[in-house]
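> Sequence plus the predicted model coming up.
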Amino acid sequence: MRRILTEKDVEPAVRGGSVYAAGGGGWADHGRQLGYAAVGAGQPELVSIDELNEEDWVATAAAIGAPASTTPWEMRGVDYIKAVELLNEALGTPVAGLMVGQNGKSSTLNGWLPASILGCKVIDAVGDIRAHPTGDMGSIGMAGSDEQMIQTAVGGNRDQNRYIELVTRGATAKVSPILRTASDMSGGFIASARNPLRASYVARNAALGGISMALDLGHAILSAEPKGSAAVIDAIVEKTQGTILIEGKITAKDVRYTNEAFDIGTVTVGQGDQAMTLHVMNEYMAVDDAGGARLASFPDVITTLSSEAEPLSVGQLEVGMTVHVLHVPRQVIPLGAGVLDPAVYPPVERAMGIELARYVLEGHNA
């Protein structure tokens, strides 16, 4: 499978990516800027991993942080390009393709602009179908590895002298927090290119077809829009094979921004015995019922949709809003090796104060 990405693909990528953003995944307008810049500057080509030679290098194009109105973030398209250039220089050869660590409002399109400018391919593969808080979760199994990897980061608020260029080498789990710290120091959001791996490894360990899934969902959303918001929600549910866990008002929100560039806390939807609690670490990571029983857990897709069928980020939520909570079970989506890696869960569980790993790993036949 290979095709040229055009202007007609930008909005579907943003719309579908916004659902898979799971409350995070960047900014829709930032995604549009990246997409239109990419298709205006060249002809980015989306290809399946089997279009590459097994020994070709594939890196992950990513954005790191939890950008909010409270943080002075600034990220430009050139930052994504520079991050790949720095990685190519450190690697000693150009990468043949770029995948992304996750889908999201902008992250679905993270590889388009550097691919367009530098001549590599956009790989139809993601580390995780949905957005997640740590780079390790999208690292397709490298988090527990002691193999020395290259990770770069570029970006920052120029007016505040926060611009950073960073090239690091080391084990993925040791290097990823450095990039997270750089993101916070830059203003809360930074471009990165990381973990160049052979195409054969990506083929075995990535969630293949993840970009196409976002594009297909986006087209379904746009097709349903003339029929109204209820039709859009129905289309999202049908296309994702998901369900609406609850439709109700937000009755509580307790989310705080940390200096590790995470938004952590809880959001409560509904009241009394019908209430559900959404556990947040940048994205929605779990849903519990009023009695504390787990209803949904990462890497399930968990998304809040407004009454107008807009996927809402955690930062957009306010007490009193009515939302629909979408749940797509992990059994119906491709899973990358990163979300099945026990090494990625302890830091997240410590930060959130809830269990995640056992819901994912127990009884899973990897």
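Cool, got the structure. Numbers count the residues shown, from 1 in each chain.
> who's in contact with A343?
D136, A143, G144, A173 (CB atoms under 8 Å, 6 or more residues apart in numbering). Every C-beta, even on glycine, is put in place using the N, C-alpha and C of the backbone.
> Check the residues you listed and tell me the two furthest apart.
D136 and G144 (8.7 Å; CB to CB).
> higher neighbour count, those two?
D136 (26 against 15; other CB atoms under 10 Å).
> where's G188 relative to Y201, distance?
31 Å (CB to CB, to the nearest Å).
> If you count surrounding residues, which of the two has more?
G188 (23 against 17).
> burial measure for the spatially closest residue to that one that is not a sequence neighbour, as a count.
Leaving out its chain neighbours, the residue that sits closest to G188 by CB to CB, 6 or more residues apart in numbering is T71, at 3.3 Å. Neighbours of T71 under the rule other CB under 10 Å: 18.
> So T71 sits against I190, correct?
No - using CB atoms under 8 Å, T71 makes no contact with I190, being 11.4 Å away.
> which residues are in contact with both of the two?
With CB under 8 Å, 6+ apart as the test, T71 and I190 both reach G65.
> Do a quick rundown of the helices in this structure.
7-20, 28-41, 77-91, 112-118, 172-186, 199-205, 210-224, 229-240, 345-352, 357-361 (DSSP state H).
> Extract the CA atoms of the third one and return them as PDB.
To tie it back to what came earlier, the one meant is helix 77-91. Below are the C-alpha coordinates for helix 77-91, written out as PDB (Å, rounded to 0.1, in the frame of the first residue of the first chain):
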ATOM      1  CA  GLY A  77       7.000  23.000  11.700                       C
ATOM      2  CA  VAL A  78      10.800  23.600  11.200                       C
ATOM      3  CA  ASP A  79      11.300  22.000  14.600                       C
ATOM      4  CA  TYR A  80      10.000  18.700  13.500                       C
ATOM      5  CA  ILE A  81      12.300  18.900  10.400                       C
ATOM      6  CA  LYS A  82      15.300  19.900  12.500                       C
ATOM      7  CA  ALA A  83      14.700  17.000  15.000                       C
ATOM      8  CA  VAL A  84      14.900  14.500  12.100                       C
ATOM      9  CA  GLU A  85      18.000  16.200  10.600                       C
ATOM     10  CA  LEU A  86      19.800  15.900  14.000                       C
ATOM     11  CA  LEU A  87      18.800  12.300  14.300                       C
ATOM     12  CA  ASN A  88      20.000  11.500  10.700                       C
ATOM     13  CA  GLU A  89      23.300  13.200  11.500                       C
ATOM     14  CA  ALA A  90      23.800  11.300  14.800                       C
ATOM     15  CA  LEU A  91      22.800   8.000  13.000                       C
END
